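A.B. asks: Test case, fold it:
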Amino acid sequence: MTLQIHKIVLQVTILLDRSDRPRLYSMGLENIAREMDEGGFVGMVSTLSDQPLKPGDVHEELLAIGNDGCFFDLTSFSR
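C.D. replies: Numbering: from 1, shown residues only. Sure thing, here's the model as predicted:
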């Protein structure tokens, strides 16, 4: 399999009642999305950027987001 990794940056905008703020900060994206679809939040997701990564940049990008750098098989990249 040939990998072509893209870095996509999303922005989530949410409107919610002040009383919901404390629980927002402990919620994962799945629960936030559920609240936006079915619960007490109103929101939207926007794509801020979408860029292909060069094979040599993937490891550093993984480390920058808190990964150990081993998520993708870096030997499988398209050249």
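
A.B. asks: can we go C-alpha only for contacts and neighbour counts from here?
C.D. replies: Noted.

A.B. asks: Helices of the protein, residue ranges please.
C.D. replies: Per DSSP state H, the chain has helices spanning 21-24, 29-38, 55-64. These are given in chain order.

A.B. asks: Could you check how far residue 13 is from residue 43?
C.D. replies: Plainly put, residue 13 is 5 Å away from residue 43 if you go by CA to CA, to the nearest Å.

A.B. asks: Surely residue 46 and residue 10 touch.
C.D. replies: Yes: using CA atoms under 8 Å, residue 46 is in contact with residue 10, at 5.6 Å.

A.B. asks: Show the end-to-end separation of stretch 19-28, please.
C.D. replies: Chord length of stretch 19-28, first to last residue, is 18 Å (CA to CA).

A.B. asks: which stretches of this protein have low pLDDT?
C.D. replies: Scanning the chain with the threshold set as pLDDT under 70 gives 1, 74-79.

A.B. asks: Just give me the neighbour total for residue 33.
C.D. replies: The number of residues packed around residue 33, counting by other CA atoms under 10 Å, is 19.

A.B. asks: need the contact list for it.
C.D. replies: Residue 33 makes contact with no residue, according to CA atoms under 8 Å, 6 or more residues apart in numbering.

A.B. asks: which residues sit in contact with residue 9?
C.D. replies: Under the contact definition (CA under 8 Å, 6+ apart), the residues listed for residue 9 are 47-50.

A.B. asks: Run a quick neighbour tally on residue 25.
C.D. replies: Counted with other CA under 10 Å, residues neighbouring residue 25 total 9.

A.B. asks: before we move on, what about residue 32?
C.D. replies: 22.

A.B. asks: Excluding chain neighbours, give the residue nearest to it in space.
C.D. replies: residue 24 (7.4 Å; CA to CA, 6 or more residues apart in numbering).

A.B. asks: number of nearby residues for the one you found?
C.D. replies: The burial count assigned to residue 24 is 16, neighbours taken as other CA under 10 Å.

A.B. asks: now stretch 15-33, how far from the chain's geometric center?
C.D. replies: Averaging C-alpha positions (CA atoms, centre = their mean, to the nearest Å) puts stretch 15-33 16 Å from its chain's average.
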